[in-house]
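Undergrad: Here is my input, please return the structure:
(chains A and B)
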Protein chains: 2
Amino acid sequence: MSIWIDQLGECQKAASDADRYGDLHLGYAGARLFALSCFDIPVQPGFIIRAETCNYYHEHGTLPDEFETELKNSLQILEAKYSKTNIGKQLPLFLTSRASSRSRVAGVVSPIYHLGMNAENTRKIAQLMEPSTRKGYEASNDQKAAQQFMRFLYQFTENALDITPDILEDLFDEKRTELGYESDNDFSMDEVIAISKIYKEQLKSELGFDLPDDLFGQLRLAVISAIKSWMSRRAVMQRQIHEISDDEGLAVIVRAAAFADFDDMSGQAYLDTRNSLTGENKVEGGLGWNLVGEQSARTSRFPTSLGDDAEEACEKLIDIAPDLHARLTEIGKKAERFYGRCQRLGFIVQSGEAWVGDSFDLQLSAAAELKTNVDFVHEGILTNEQALCRIDPLSLEQIMHPSIRQETEREVIASGVPASPGAASGEIVFSSEDAIDAAREGRKTILVRMETSPEDVHGMQRTEGVLTIRGGMTSHAAVIARGMGRPCVCGAGNMRIDLANETLFASGRYLKKGDIITLDGAKGEVLLGEVAMEKATLSTEFQQLMSWADEARRMEVRTNAEMPSDTLAARQFGAEGIGLCRTEHMFFDESRILTMREMILSETEAGRRAALDKLLPMQRSDFIELFEAANGQPVTVRLLDPPLHEFLPKADEEIAHTAKAMGVDDIIVRRRIDELSEFNPMLGHRGCRLAISYPEITEMQARAILQAAIIAAKNTGAPVMPEIMVPLVALKKELDFVKERINSVAEDVMQEMDASVQYLVGTMIELPRAVIRADAIADSADFFSFGTNDMTQMMYGISRDDASPFLKTYRQKTIIDEDPFVTLDIEGVGELVKMAAELGRENHPDLKLGVCGEHGGDPVSVKFFDRIGLDYVSCSPFRVPIAKLAAAQASIEAGNSKKGG
Amino acid sequence: MSIWIDQLGECQKAASDADRYGDLHLGYAGARLFALSCFDIPVQPGFIIRAETCNYYHEHGTLPDEFETELKNSLQILEAKYSKTNIGKQLPLFLTSRASSRSRVAGVVSPIYHLGMNAENTRKIAQLMEPSTRKGYEASNDQKAAQQFMRFLYQFTENALDITPDILEDLFDEKRTELGYESDNDFSMDEVIAISKIYKEQLKSELGFDLPDDLFGQLRLAVISAIKSWMSRRAVMQRQIHEISDDEGLAVIVRAAAFADFDDMSGQAYLDTRNSLTGENKVEGGLGWNLVGEQSARTSRFPTSLGDDAEEACEKLIDIAPDLHARLTEIGKKAERFYGRCQRLGFIVQSGEAWVGDSFDLQLSAAAELKTNVDFVHEGILTNEQALCRIDPLSLEQIMHPSIRQETEREVIASGVPASPGAASGEIVFSSEDAIDAAREGRKTILVRMETSPEDVHGMQRTEGVLTIRGGMTSHAAVIARGMGRPCVCGAGNMRIDLANETLFASGRYLKKGDIITLDGAKGEVLLGEVAMEKATLSTEFQQLMSWADEARRMEVRTNAEMPSDTLAARQFGAEGIGLCRTEHMFFDESRILTMREMILSETEAGRRAALDKLLPMQRSDFIELFEAANGQPVTVRLLDPPLHEFLPKADEEIAHTAKAMGVDDIIVRRRIDELSEFNPMLGHRGCRLAISYPEITEMQARAILQAAIIAAKNTGAPVMPEIMVPLVALKKELDFVKERINSVAEDVMQEMDASVQYLVGTMIELPRAVIRADAIADSADFFSFGTNDMTQMMYGISRDDASPFLKTYRQKTIIDEDPFVTLDIEGVGELVKMAAELGRENHPDLKLGVCGEHGGDPVSVKFFDRIGLDYVSCSPFRVPIAKLAAAQASIEAGNSKKGG
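TA: Here you go, the predicted model:
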């Protein structure tokens, strides 16, 4: 039934990793104490009643027959053990009982300290204690013993008898009034003992409860109460909220109790083995002297710092009790080394002797997590592969973006989806034009839109942060903002925009254009006014970790980038090329959009070609800059993808402006807008369908790419081999059609420029139709790049722009666990990616395979892509380190890290 | 090198079905003549130079070495054979040379008649012929021989020498002027012979061409010219247009030639073995007496009818030459029996003796095709399975819908996609309301819309035909119109609607509301004014064919229907249940739409439930009627599928009306419309996602269905087992969630009504995600119904509403052959249907599998569904016979027809 905490025979078992985290049915705290005790760390003797007993009770409605006998036996053994300890030679045995469940959810009974307390033992400790002499906290032994007994009576009533202590309170109140005392602290030991006797009688006569005097009797009730509390309403509700099974059960820890106010060298301490914010290797913590009971150390009466460089005001343990300081530090480091993680330990100290009462892994900031794990490698505690696997790739995001200073006061006026991390303050603007104008004048803005469209991209580049009322993690705003490293909050549906009056209504407040707000992209919150920020610097530990990741990973990591600046940023983060350059973004610049519109409005091929001729030099110079920034790294350029209507004006004013610039009547522009409008643009005239309807667009783009490749190669001396990507292919014939055009342009360009250029032609695999016939398509493709965003849309029949409302319901009703646009739906969409990879390689064994969807920056998805053998992932610049770390973890997990061989 | 037409040793081979259609390299006409000659049908002796010779020539640039020798040998054998025939005893051998390719494409050389003609032979035939005495066509032998020679000179020049006959024309022109003749008919034989000599000399001196006098010399040039013509520019272009390979090659038929103006019992005839429009079993045709050469019988000089009941004005062959009539009829029937198909035969008749010169399968109207094939079974020519396989299932469509009378004059003002067959005339209306109003007053209308939406369904029911400017074969208008059997023309993009002025602009003409137009749904044409129609009646042959199909097929055929009237219509066409009842159509009725809107506009579940309580009795009575109409046949009811915004008003006026009826402000209605609007409704909040967000809708529908099932079963005495279908499932958990709600409602209903009802719960399989995990989903489903429309959309990433423009381009550029929304993309979408069927049955062997998409009525698709083992297809009522026939053909082809065992 029970397990001994200090029974050495079990220690070898406890030392295994599995048991370190409670895989025995001892609960989290129990397993911890058990493991520490085995590792020669001082823990008071005791035993643990395993969760099986609890489960038996709730299954059968009664305890096992042998319960009382075993509990008695265990107690006898513990008494014998205790009597041999230093403290046991001096004091009678007192016990602590404490519930210990694996998942540490709330709702079960609180601990009871000093079981075994009664009139006789109260007198005994009063004789053995020493009075407290600490200035301002002076107390006689009589007072201290009285307090201990009083506290015990309350605790036992509430936690073992499971009733409210009304009777006890009434008794103390009456007596206090009678004696004219100011507080309960004034009671003498005899007075408390006298009241305890009356209380016992009243409990019996009024409620029929026994309050036993003997240790076993008290222990028995405490254990049963703890076991019962597992199915209390509060505990059951808490578990339902956290989706924890009732079957887990509750263990009960029983161990010897010490007194934190025994003498002036008694107290309670907590110790962090390193700084939890920075990860600096210095112990920190506090010690509260002379505490009654083992209450939280936070409420220490007389604080002493455990840190060496604590503030001046606070006395330092190292100065006043160097031996104790050394002892606690030694225990802390031992536990840290044992777990290989930073620890927070709770100690009880009696007469200078310390025992660990509680321990758990210290919650670290992302920066601290990174630093300590790297330090652990340097200290020989972890291998670098272990360190790599320890760090949550997503936590790197916090390190890379500026953030709101922690202690800052926040007035949250709205919240939405935390779509792109980082924080930014600025004036509210409602249009990209205003954002651009403000940027010209050096003013910082936050762009607030219902949703964004490609027309807003230039505005987004000039603003500090983006806030939308609609859309989720994969809306246009979110994707683009992440790509640019701009903080973004999406889907803040509790706000209202009134564009006519240029006001924003949020939390009962009207904000006007120009008012300052702050976005916290990491939390998805909108704050009023400007808030203090802190900027990220990439530490040497970060660089170290990345270099280990580079050694370990098999998969390449590229970036999605259109601008030379993005490309350079991504290369600083270690990107190994561009996996997706979306050429359409290049057409939204003010100087180009009109020419683009001219092309779209042309009724004839000749007209389109004339406009394209004007666009060619612009595209070419874009590509030259991009290739030069990539400096020899591979660059995948996707041909024009969005439907043409996205390039046309929407507002009346802009239509008029376009018509005027084009020298045509408004009606012509409107008619074409009408003709091109679509019910479901996502399923419309886009991708390679454009290339097939208007081959001249492809020809212009291919020409620009290939000319730029030749020129950039000359300029930099590094060879450029562009990878031209055909989007939205469903049929081999589509790819063949477009490829033929590209090849023919390539021949012309090489002849015209009298230079040669190598290039690849591949395709996005994003339509299920392409997957099913990936074998055929692979015949015509040099590479496949999986567009897992669109593939998810097609697989589920869900538009990511419209999905937020019902995906939220789906998560609430537990129909899905994860947003499939954030983490790849491995068993659905993943299955298709795998199928396409297999079919493709069947026909074309050296087919290059990559991912350029948002999932390329999601760690869980990245690991899946590694497992199925893809060659690379591509993600937004700020996601590159995340993808690299995830790729390294995948390689290590698969046992195929470059280092592991 | 050559094959003898009348060589009997080859006949057995020719009798095999393969050779009947030209699988020897004899080309179509050659194979025909060869087969007929073997089957004891009179064909003039000859031989055929196989296509191999042609291929050799074009591969090597020269003829095979043995060409001349073999041609000479063949000619000698033919001469010997010919000299033994009746005609050969009298006349020298003349030959016809004629190109014969398998695919009968144009562009090759025309035939040359009467090779062997020269001065001497002209004189010879002038002696042997008899003068023409037929009134008005009198001619002497001299004149007739002169004409023959003159015609030969022209033909040979053009078709053997391959030059324009300028020199010859000049010579005749000069001579005619010199002699003062009015026309070329006035030339005497001697004059023609004299000119021929000058011509020969000029040919030689001016162009270096020989015009040989001897038969072999002429034949040799004629054959070489025919062979060369295979690669002429015209021929190559024609083949490119029709995608015919050059490798096919050309055979050359050489056979003895007769004279159609030899005497008054000579001429040329064609004979149809049955009436090509009605299929009536009576020969028809015409005979032209005294023709010079074997020109088309259509240009007969002196027509005689071969039909027994020809018009009075025309003399009948049976009256004037009963033996010849009998002979031609006998030959025709023999050929028909040989081919098992109605024939058109071309005859040449010389002195009362007749030979077949040409033969092909008679082009029949759909009705005739049906009748003759059924008759062939009764006549023992075909088995009923052969007859079933002979008929193109799609041809039945023409039989079932009224159509425009054939001879009617048509003023076509616009054309679009032939979206739903049949024809209808009516006043132009531009809104469903106007259509409904007009119907109340008994006026017929044609509803003209940019495109239709579910709001138009009630209007479409009250109109005669539907015309849209946008959309293709599977647009909303097309699908609904086909379902209703209404003629429909979609995507008539060359029209413009001006709604403000209620005018329609087409072909330079403004039409106003109220103007009459006619739709020809079979041709996709819009005609001006009212046009005469003919109504279809279902013939006894149709009924006979359907009963054979019922015997043969394995798959069930159900119908897609919402209304009792549709259900009854479909049952008349032989539907075996309802495979898809779209419940949303029931909500668009004027009496319901407001309640539906009330539900959608409710902010709370309680509000929605209140509205749903009002909808419940309406839904229930719909289902009672439907179940009663189905009379015990299975009925699959799909739960609400479209996004809710489809039910909300769009026009300002209607928004105001709705707001008023709801007792709220316009702004409330507008806000909800805003909230619900979606970028890509096809990928939006629809299908089972609605059931998960608003389970109360599902509960109401399930309640209505199950209550109705119990009531209808009581009313009719026939048990009702509704099949409840959950749309747009991607995940097993979605289906489980909805199924749980249905089951719980079912328990309540049965308890409340104290009756039991059996029901199935299944799902649409339309999302690729569902296919990949069909094994898991099958655990929770009683049936799968494949929604191949949506599946095609998701597989291709194409919205059927937006696809017309680029699918047209795709067909033009031969990227696709068929619109995948019309005929299932078997190697893409089909592969997925197969995968889901297999995965589903793996886990659930008796899973019922059906198709309810548009493809369920497409014969090619139906056959595929049979091959992969689906249990049923469901299609619009008018498509039921088509699907049944296709299913029967599939069973027969697979050898698993019920009859075949």
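
Undergrad: so which residue of the stretch 401-550 of chain A comes closest to chain B?
TA: Closest contact between the stretch 401-550 of chain A and chain B, by C-beta to the nearest C-beta, is at A:E451 (8.4 Å). In short, each C-beta sits where N, CA and C put it, glycine included.

Undergrad: Pull the distance from stretch A:625-639 to the chain's centre.
TA: 33 Å (C-alpha atoms, centre = their mean, to the nearest Å).

Undergrad: swap in stretch A:226-242?
TA: The chain centroid and the centroid of stretch A:226-242 are separated by 27 Å, computed with C-alpha atoms, centre = their mean.

Undergrad: do the same with stretch A:38-47
TA: 34 Å.

Undergrad: What separates the first and last residues of it, distance-wise?
TA: The straight-line separation of the ends of stretch A:38-47 (C-alpha to C-alpha, to the nearest Å) is 13 Å.

Undergrad: so where's the longest helix in chain A?
TA: Taking DSSP state H as the criterion, chain A has its longest helix at helix A:605-630.

Undergrad: Quick check: mean pLDDT of the helix or strand following that helix?
TA: Helices and strands here follow DSSP states H and E; after helix A:605-630, the next one along the chain is strand A:635-638. For strand A:635-638, mean pLDDT rounds to 97.

Undergrad: List the contacts of strand A:635-638.
TA: A:558, A:577-583, A:623, A:626-627, A:701, A:705, A:720, A:722-725, A:727, A:762, A:764, A:783, A:785, A:850, A:852, A:874 (C-beta atoms under 8 Å, 6 or more residues apart in numbering or on different chains).

Undergrad: From A:M189, how far off is A:K124?
TA: Using C-beta to C-beta, to the nearest Å, A:K124 is found at 11 Å from A:M189.

Undergrad: Tell me the residues on the stretch 651-800 of chain A that lie near chain B, please.
TA: Contact residues (C-beta under 8 Å from any C-beta of the partner chain) of the stretch 651-800 of chain A with chain B: A:678-685, A:687, A:689, A:692-693, A:728, A:730-731, A:733-734, A:737, A:766-769, A:772-773, A:790, A:793-799.

Undergrad: residues in contact with the single nearest residue of the stretch 251-400 of chain A relative to chain B?
TA: Going by C-beta to the nearest C-beta, chain B is nearest to A:L394 of the stretch 251-400 of chain A, at 25.0 Å. Residues near A:L394 by C-beta under 8 Å, 6+ apart: A:859, A:882.

Undergrad: go on, A:N494?
TA: Here A:N494 is in contact with A:414-415, A:506-507 (criterion: C-beta under 8 Å, 6+ apart).

Undergrad: how does it look with 10 Å?
TA: Applying C-beta atoms under 10 Å, 6 or more residues apart in numbering or on different chains, we find A:N494 in contact with A:413-416, A:469, A:505-507, A:526.

Undergrad: A:S276 now?
TA: For A:S276, the contact set (C-beta under 10 Å, 6+ apart) comprises A:284, A:342, A:344, A:362-365, A:368-369, A:372.

Undergrad: Give me the below-cutoff pLDDT ranges for the stretch 451-600 of chain A.
TA: Applying pLDDT under 70 to the stretch 451-600 of chain A flags residues A:474, A:483, A:535.

Undergrad: any chance you could map the strands in it?
TA: Counting by DSSP state E, counting those that start in this stretch, the stretch 451-600 of chain A has strands at residues A:465-468, A:488-490, A:496-498, A:503-506, A:509-512, A:516-520, A:525-528, A:533-534, A:556-560, A:578-582.

Undergrad: try the stretch 701-850 of chain A
TA: Ranges of strands in the stretch 701-850 of chain A, per DSSP E, counting those that start in this stretch, are A:723-726, A:760-765, A:783-786, A:848-851.

Undergrad: Helix, strand, or coil at the nearest residue to A:A256 once chain neighbours are set aside?
TA: Excluding the flanking residues, the one nearest A:A256 by C-beta to C-beta, 6 or more residues apart in numbering or on different chains is A:Q44, at 4.2 Å. Put simply, A:Q44 is coil when judged by DSSP: H, G, I helix; E, B strand; the rest coil.

Undergrad: I'm done for today, thanks for sticking with me.
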